[in-house]
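Student: this one's structure only:
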């Protein structure tokens, strides 16, 4: 009877063959048995994709908010054709400015975090600000567009001119900004719900 700690003899050459050690299983894992590293890699890739998707959505929201702001601010054609004569259009302009500032700051923060790999704020605070900020600004954008649509429709029924066309364009840009921020809010909500630190 042989001792399990002693080397075994190879049948062909007669030379001793060392017995398999437990560390050999760790160094050469069985295919399909160890998937920890690949799961972590997949998670990192998914998080990177979500970060880039959120940056794209905020970049689009920034572009549309800026266009809405510029179009409405330049919508002054004298007499009744000045946007500042109407409360709904002033509200649309104010929210477009707020959305431009918010999405601009958020886009810059995301670019900094992606390029340097460092978080400006703690991850939990950053995720909550993203989630709540996107939702609040998206709600304000759709609220301002909804307030301006009925009056613009009434004006266009009576007379269709450059003032009403510009107003409709600014409203459309606000709606596109809302859709972009709503998409960003969904990404932020997903990121918030899947974090392990909550």
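Tutor: Perfect, thanks for sending it. None of the values given here were measured: they were computed from a predicted structure.
Student: show me what contacts residue 51?
Tutor: Residues in contact with residue 51, defined by Cβ atoms under 8 Å, 6 or more residues apart in numbering, are 110, 113, 114. The way it works is simple: take the backbone N, C-alpha and C, and place the C-beta from them, glycine included.
Student: if you set the cut-off to 10 Å instead, what comes out?
Tutor: By Cβ atoms under 10 Å, 6 or more residues apart in numbering, the residues touching residue 51 are 110, 113, 114, 187, 191.
Student: likewise residue 48?
Tutor: Applying Cβ under 10 Å, 6+ apart to residue 48 gives the contacts residue 114.
Student: Give me the helices and strands touching the stretch of helix or strand residue 186 belongs to, please.
Tutor: The secondary structure element spanning residue 186 is helix 162-194 (assigned by DSSP states H and E). Contacts defined by 3 or more Cβ pairs under 10 Å, 6 or more residues apart in numbering; DSSP states H and E place helix 162-194 against helix 36-73, helix 87-116, helix 123-158.
Student: Columns mean pLDDT and distance to residue 180 on top of these, output as JSON lines?
Tutor: Shown next, in JSON lines, are the helices and strands packed on helix 162-194 (pLDDT from 0 to 100; distance: least, Cβ to Cβ, whole Å):
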{"stretch": "helix 36-73", "mean pLDDT": "82", "distance to residue 180": "4"}
{"stretch": "helix 87-116", "mean pLDDT": "91", "distance to residue 180": "8"}
{"stretch": "helix 123-158", "mean pLDDT": "88", "distance to residue 180": "9"}
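Student: out of those, nearest to residue 183?
Tutor: Nearest to residue 183 among the helices and strands packed on helix 162-194 is helix 36-73; the distance by Cβ to Cβ comes to 4.7 Å.
Student: Tell me what angle that closest one forms with helix 123-158.
Tutor: Relative orientation of helix 36-73 and helix 123-158, computed by axes from the mean of the first three to the mean of the last three Cα atoms, to 10 degrees: 40 degrees.
Student: thinking again about what came up before, adding distance to residue 175, write the helices and strands packed on helix 162-194 out as a markdown table.
Tutor: Converted to a markdown table, those look like this (distance: least, Cβ to Cβ, whole Å):
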| stretch | distance to residue 175 |
| --- | --- |
| helix 36-73 | 8 |
| helix 87-116 | 11 |
| helix 123-158 | 5 |
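Student: For residue 176, find the nearest of those helices.
Tutor: Once the helices and strands packed on helix 162-194 are compared by Cβ to Cβ, helix 36-73 is nearest, at 4.2 Å.
Student: sec struct for the closest residue to residue 129 other than its chain neighbours, please.
Tutor: Excluding the flanking residues, the one nearest residue 129 by Cβ to Cβ, 6 or more residues apart in numbering is residue 121, at 7.2 Å. Three-state assignment for residue 121 (DSSP: H, G, I helix; E, B strand; the rest coil): coil.
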